[in-house]
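Colleague: coordinates only, sequence not included:
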């Protein structure tokens, strides 16, 4: 069974701009992200990104825009020798469509848990919104709520 740190994308992996981030020029990794993830990796953790991308349902951008950023993220994880197993995203928005994949529901996490044989009792979800933590709780994963754009190095001692 694998130990995983689930990561929210906007505000945890990349800087939350207060608007949808879908253009490459607007994308910026959060401060000290890879330093912190390297420390988690040394403790035996792999990573899965779980993100709501409701701008797709709103017609602001498309799946190809999300996939373009996912490629950049995956490449950077690889460059830092970090095991990023997958990136799950929900293209839905509650104002336009309903889906169990959209956080605070847990379908994205459930899919990852099943696909990768994840040990939920030894895994964490790091998010900057209560909906991230609620999704994690629904599947038995410990949630850690951080302020948007804060450095993950501040929570190193919370991950065993």
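Modeller: Looks like it arrived, so ask away. This is a predicted model, so every value here is computed, not measured. Residues are numbered from 1 along each chain as shown.
Colleague: hey, let's count contacts and neighbours off CA atoms from now on
Modeller: OK.
Colleague: strands of the chain, start to end?
Modeller: Remark: strands assigned in the chain by DSSP state E are 3-7, 45-52, 84-90, 124-127, 142-145.
Colleague: relative to strand 84-90, how tilted is the longest one?
Modeller: When you say that, I think you mean strand 45-52. Angle of strand 45-52 versus strand 84-90, following axes from the mean of the first three to the mean of the last three Cα atoms, to 10 degrees, is 10 degrees.
Colleague: could you name the helices and strands sitting against strand 45-52?
Modeller: strand 3-7, strand 84-90, helix 107-116 (3 or more Cα pairs under 8 Å, 6 or more residues apart in numbering; DSSP states H and E).
Colleague: pLDDT score for whatever residue is furthest in space from the centre of the chain?
Modeller: Within the chain, the residue lying farthest from the chain centre (Cα atoms, centre = their mean) is residue 96, at 22.5 Å. Residue 96 carries a pLDDT score of 80 in this model.
Colleague: do I have it right that it meets residue 58?
Modeller: Yes - applying Cα atoms under 8 Å, one finds residue 96 in contact with residue 58, separated by 7.2 Å.
Colleague: where in the protein is pLDDT low?
Modeller: Scanning the chain for pLDDT under 70 picks out nothing.
Colleague: run the last query once more with 90
Modeller: 1, 18-19, 92-102, 153-154, 156-157, 160 (pLDDT under 90).
Colleague: do you know how far the closest residue to the residue farthest from the centre of the chain other than its chain neighbours is from residue 84?
Modeller: By the measure of Cα to Cα, 6 or more residues apart in numbering, the closest residue to residue 96 outside its immediate chain neighbours is residue 57, 6.5 Å from it. To residue 84, residue 57 is 26 Å away according to Cα to Cα, to the nearest Å.
Colleague: which residue of the two possesses the greater neighbour count?
Modeller: residue 84 (20 against 17; other Cα atoms under 10 Å).
Colleague: and for the closest residue to that one other than its chain neighbours, the neighbour number?
Modeller: Distance criterion Cα to Cα, 6+ apart; nearest residue to residue 84, sequence neighbours excluded, is residue 47 at 4.7 Å. Neighbour count for residue 47, taken as other Cα under 10 Å: 24.
Colleague: please name the residues that touch residue 47.
Modeller: 4-7, 82-86 (Cα atoms under 8 Å, 6 or more residues apart in numbering).
Colleague: nearest to residue 69, of the residues you listed?
Modeller: Ranked by distance to residue 69 (Cα to Cα), the contacts of residue 47 are led by residue 86 at 13.1 Å.
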